[in-house]
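Student: Need coordinates for the below:
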Amino acid sequence: MSAFAIVAFFVALIAIILIHEFGHYLTARAYGFRVLEYFVGFGPKLWSFRRGEIEYGVKAIPAGGYVKIAGMDPFNDDVPPGDEHRAYSAKPTWQRALVILAGPMSHFLVAGLIFAALLFFVGDGWRVKVGEVTPTIGGAASPAVAAGLRPGDTIVRIGDVQDPSRDALGAYLAAHPGQQVPLTVERDGKTFEVTITPVHDTSLTPPIWRIGVVLGPVRRPVLSSLTGGATQVWQYTKVSLQQIGHVFGPQGVHRIFTLLFTNAPRSEGDATSVVGVSQQVGAIGGSGNWAAFFFVFAYVTLFIGLVNLLPLPPFDGGHLAILLIEKVRGRRIDMRRVVPVSAAVLVFLGFFVLSTMLLDVVKPIPIGP
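Tutor: Purely as a prediction, here's the structure:
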């Protein structure tokens, strides 16, 4: 397990906290809100400085961060005299919504940029560039060797399928068992045609039709990387939403109690905390697969952003829900009445986080090879 990868992961998490809060901060400043504080962490103040009218600093508990805007605290009148027009409650609903939304939206932007960078610098793992050529299949020379394929070749066409994905290549071979299939191959900027006959590899479970290549990633150009990054954000948003429903729903909570109070073992699909994620990240870093490290971080960044959009106070999504209710009702909500709901959500979240952290220590999720 790589200690460096774990440290890097925690540093990256702090960075995304800063970016999240910077989204709130930048939007608030753009619309003239009175920003009082910009802090990383909670609890006792460790260090701070004042620049202009804003205090910046670090607090002792590195469990998040916050931007304090005048007028958001329902129990304290923290609006400086003369700044009443700059208070949170004095601003139009749409401006307040943008300030709240800017934080979680930064997660989608950062995740998309990481996904795009991976596509540009590492490549798309589902494309069909030949990484290795298998010498034999079932004791006989593989079709790839017979066709003269080499590592670094890119399969740009199979049959009538142009630029096939890895799945499309496998599907085409399965649909033409034992038949000669035409391939268009790119090598050193030039293309050529070969004919290849897949063989049935019965050593695998289930058996599949193969041509004898191990496929590797294909790097994408800039524009394709950006559009691909956006596509992956959408794909993993859907995956994350399903995971959030599973983890925080009745089934997920029941699973936590089962793991806490019985001898049931953990499985790969169980909820985990930052401790468990760091264990997995450490294993990835130890293997030297830094592309996988950044992929995991991008997914975690996206997941945290979506959790922040849950329509429950004190999440950003809860503040957005309150703004929507106020807009529909046509009058303001007394935020002091929302505090018990926020407290209940925090109690549940605290229980969930502490429980998963304990489980990650005493029953770590198995990490695959």
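Student: Run through the strands of the chain in chain order.
Tutor: 35-51, 54-69, 124-133, 136-137, 140-141, 154-158, 161-162, 181-187, 190-196, 199-201, 208-210, 213-218 (DSSP state E).
Student: Any idea which of the ones you listed gets closest to D360?
Tutor: strand 54-69 (16.1 Å; Cβ to Cβ). (Each C-beta comes from the backbone N, C-alpha and C, glycine too.)
Student: Taking strand 35-51 as reference, get the angle to that closest one.
Tutor: 170 degrees (axes from the mean of the first three to the mean of the last three Cα atoms, to 10 degrees).
Student: for strand 54-69, packing partners?
Tutor: If contacts are counted by 3 or more Cβ pairs under 8 Å, 6 or more residues apart in numbering; DSSP states H and E, strand 54-69 sits against helix 3-30, strand 35-51.
Student: hey, which of those is tucked in deepest?
Tutor: Comparing those by mean neighbour count (mean count of other Cβ atoms under 10 Å), helix 3-30 comes out on top with a mean of 18.
Student: same for that helix, what does it pack against?
Tutor: Counting by 3+ Cβ pairs under 8 Å, 6+ apart, helix 3-30 packs on strand 35-51, strand 54-69, helix 93-121, helix 274-286, helix 290-308.
Student: Turn these into TSV, including distance to A140 and mean pLDDT.
Tutor: Shown next, in TSV, are these (distance: least, Cβ to Cβ, whole Å; pLDDT from 0 to 100):
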stretch	distance to A140	mean pLDDT
strand 35-51	62	92
strand 54-69	59	89
helix 93-121	37	95
helix 274-286	37	81
helix 290-308	34	91
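Student: now those as a markdown table including distance to R337?
Tutor: As requested, the helices and strands packed on helix 3-30 are exported to a markdown table (distance: least, Cβ to Cβ, whole Å):
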| stretch | distance to R337 |
| --- | --- |
| strand 35-51 | 24 |
| strand 54-69 | 20 |
| helix 93-121 | 18 |
| helix 274-286 | 32 |
| helix 290-308 | 22 |
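Student: Verify the contact between P104 and G318 for me.
Tutor: No - assessed by Cβ atoms under 8 Å, P104 is found out of contact with G318, at 11.5 Å.
Student: between the helices and strands packed on helix 3-30, which one is nearest to T202?
Tutor: That would be helix 290-308 among these, by Cβ to Cβ, at 30.8 Å.
Student: List the buried residues for the closest one?
Tutor: Buried positions in helix 290-308, judged by neighbour count with 16 or more other Cβ atoms under 10 Å: 291-308.
Student: same check, this time on stretch 360-369
Tutor: Residues of stretch 360-369 classed as buried: D360, K363, I365 (neighbour count, 16+ other Cβ under 10 Å).
Student: export those residues to TSV and tack on pLDDT and distance to Q243?
Tutor: Listed next are the buried residues of stretch 360-369 as TSV, based on pLDDT from 0 to 100; distance: Cβ to Cβ, whole Å:
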residue	pLDDT	distance to Q243
D360	91	17
K363	89	19
I365	83	14
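Student: Just those residues: which are in helices?
Tutor: Among the buried residues of stretch 360-369, the members found in helices (DSSP state H) are D360.
Student: which among the buried residues of stretch 360-369 gets closest to F22?
Tutor: The closest of the buried residues of stretch 360-369, once distances to F22 are taken by Cβ to Cβ, is D360, at 29.6 Å.
Student: The closest one reaches T272, doesn't it?
Tutor: Yes - between D360 and T272 there is a contact under Cβ under 8 Å: 5.9 Å.
Student: Which residue, other than its chain neighbours, is closest to the residue nearest the centre of the chain?
Tutor: Nearest to the geometric centre of the chain sits Y299, at 1.6 Å (Cα atoms, centre = their mean). Nearest residue to Y299, sequence neighbours excluded (Cβ to Cβ, 6 or more residues apart in numbering): Y236, at 5.8 Å.
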